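> pasting the structure only:
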C-alpha cells in the first residue's frame with residue numbers, strides 16, 4: 001500500500017475511534033454550552049450606562065439635546081450630555097483638559113476628539129444632527145478629527161480578543177497533543193503497535209495519528225467558532241470589527257502549532273512504556289508550550305511593538321500563539337507573517353525527521369522511560 005493510503009487509514013481510524021469517544025462528545029457539548037451560556041450571561045449583565053460629555057459652541061440649537069437623547073437610545077449603555085462653550089477655542093481647551101469627550105462644531109460639520117475617534121459618539125452625534133436638519137437641504141456626514149495624533153494603543157476589546165485567541169490556541173494544542181501522546185501509550189500498553197509496525201512504517205503511523213487527531217480537533221474548534229459566529233451575526237453580543245481577522249488567523253495557526261507540538265508529544269509517548277507515565281512523558285513538551293505562552297503574553301503586555309515582540313512573532317516555538325495575538329493588537333507587517341510560517345514549517349520538517357526516528361525505535365521499547373540522552377541516541381540510530 002502507498003504512504004497516502006496508509007496514512008489515510010490511520011487518520012480515519014483516529015477520527016472514528018476518538019470521534020465516538022465519550023470524552024470528545026462531552027467536551028464538545030460543554031464548549032458549545034459555555035459559548036451559549038456566556039452569551040446569555042453577557043446579555044443579562046449589561047454594563048453600567050456610560051455618560052459622554054459633548055461640548056457645543058453657543059448658542060446651542062434648540063432641539064439638539066432631545067435629538068441626541070433619541071439617537072443614543074439604541075445604545076443601551078450610552079447617554080450624551082451637552083456642555084455649552086463660548087467659542088471653539090474654549091471647547092478645545094475643555095477637550096485637552098479631558099472635561100469633555102468630544103467637541104461638536106456645527107458650523108463646520110465637524111466632530112473633534114482628543115486623540116482617538118469614538119465610533120459610538122460619532123454615530124450618535126451624526127444621527128442627531130441629521131434629525132435636527134431634516135427639513136433643511138441634505139448635509140454631508142459629520143467629519144471627524146483629533147487634536148492630538150491618533151493613539152496607537154489597543155483598546156480593551158482588542159486586548160480581550162488577543163488574550164482569548166492565544167488562550168484558545170494554548171488549550172487546543174495542549175489538549176490534542178495530549179491525545180496523541182495518550183494514543184501512542186495505549187497502543188504500546190496493548191502491544192497493538194508490534195502488529196501494526198510489522199506492516200506499516202512508523203513514520204506513516206505517526207503522520208496518520210497526528211493528522212487524524214488534528215482534524216478531529218479542527219472540527220471541534222469549527223463547531224464552537226461557528227456557534228460564536230452565528231450568535232455574533234444575530235447580534236447576541238458586540239465585538240470589535242477586528243475580531244473577524246483575528247479569529248481567521250487562529251485556524252491556520254492552530255494547524256501549524258498543533259503539528260509542531262503534536263509530533264513532539266508523539267515522540268515523548270514513544271519513550272514511555274505505561275499509560276501511567278503520560279504526564280511525566282509529556283511534561284517537557286507541555287512546559288515548553290506553557291513557557292512559550294507566558295513569555296509571549298508578558299512581552300506583548302510590556303510592549304507589543306518592541307524588539308522582543310518582533311522576535312517572538314517569528315520564533316517557531318512562540319509564533320503560533322504570539323502572532324495571532326499580536327495581530328489583534330497592532331498591524332503586523334506581511335513579511336513577518338511569511339517569515340513566521342516558513343520558520344515554523346522548517347521546524348516541523350526537522351522535528352518530524354527527528355521524532356520519526358525516535359518514534360520508530362521508541363515504540364518497541366519496554367521498561368523504564370528513556371531519558372533525553374537515550375532518545376538522542378535512538379534518533380541517531382545508535
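Arrived safely, thanks for sending. None of the values given here were measured: they were computed from a predicted structure.
> Might you list the low-confidence residue ranges for the chain?
Low-confidence segments of the chain (pLDDT under 70): 1, 38-49, 76-77, 135-140, 149-165, 188-194, 197, 232-248, 272-278, 359-382.
> residue at max distance from the center of it?
In the chain, residue 59 marks the outermost C-alpha relative to the chain mean, sitting 49.1 Å out by Cα atoms, centre = their mean.
> tell me the SS of that residue?
coil (DSSP: H, G, I helix; E, B strand; the rest coil).
> So what does it have for phi and psi?
The phi/psi pair for residue 59 (degrees, to the nearest 10) reads phi -80, psi 140.
> could you measure it against residue 220, distance?
62 Å (Cβ to Cβ, to the nearest Å). From N, CA and C alone the C-beta is placed, and that goes for glycine too.
> Likewise for residue 182?
16 Å.
> Same check on residue 26?
For residue 26, the distance to residue 220 - Cβ to Cβ - is 12 Å.
> of these two, who's got more company?
Shown here are residue 26 and residue 220; by other Cβ atoms under 10 Å, residue 220 has more neighbours (19 against 10).
> How about that one: what's its closest non-neighbour residue?
Using Cβ to Cβ, 6 or more residues apart in numbering and skipping the chain neighbours, the partner closest in space to residue 220 is residue 28 (5.3 Å).
> residues in contact with the one you found?
Residue 28 makes contacts with 220, 223-224, as judged by Cβ atoms under 8 Å, 6 or more residues apart in numbering.
> Return the subset of those residues lying in helices.
Among the contacts of residue 28, DSSP state H puts 220, 223-224 in helices.
> which among those residues gets closest to residue 6?
Using Cβ to Cβ, residue 220 comes nearest to residue 6 of those, at 25.2 Å.
> ok, that closest one to residue 204 distance?
25 Å.
> Tell me the spacing between residue 22 and residue 29.
10 Å.
> What is the subsequent helix or strand relative to the host helix or strand of residue 308?
If you go by DSSP states H and E, residue 308 is part of helix 307-314. Using DSSP H and E, the helix or strand that directly follows helix 307-314 along the chain is helix 319-329.
> From residue 79, how far off is residue 330?
32 Å.
> The stretch 1-150 of the chain: strands as residue ranges?
Counting by DSSP state E, counting those that start in this stretch, the stretch 1-150 of the chain has these strands, from start to end: 50-57, 78-85, 102-105, 110-113, 143-146.
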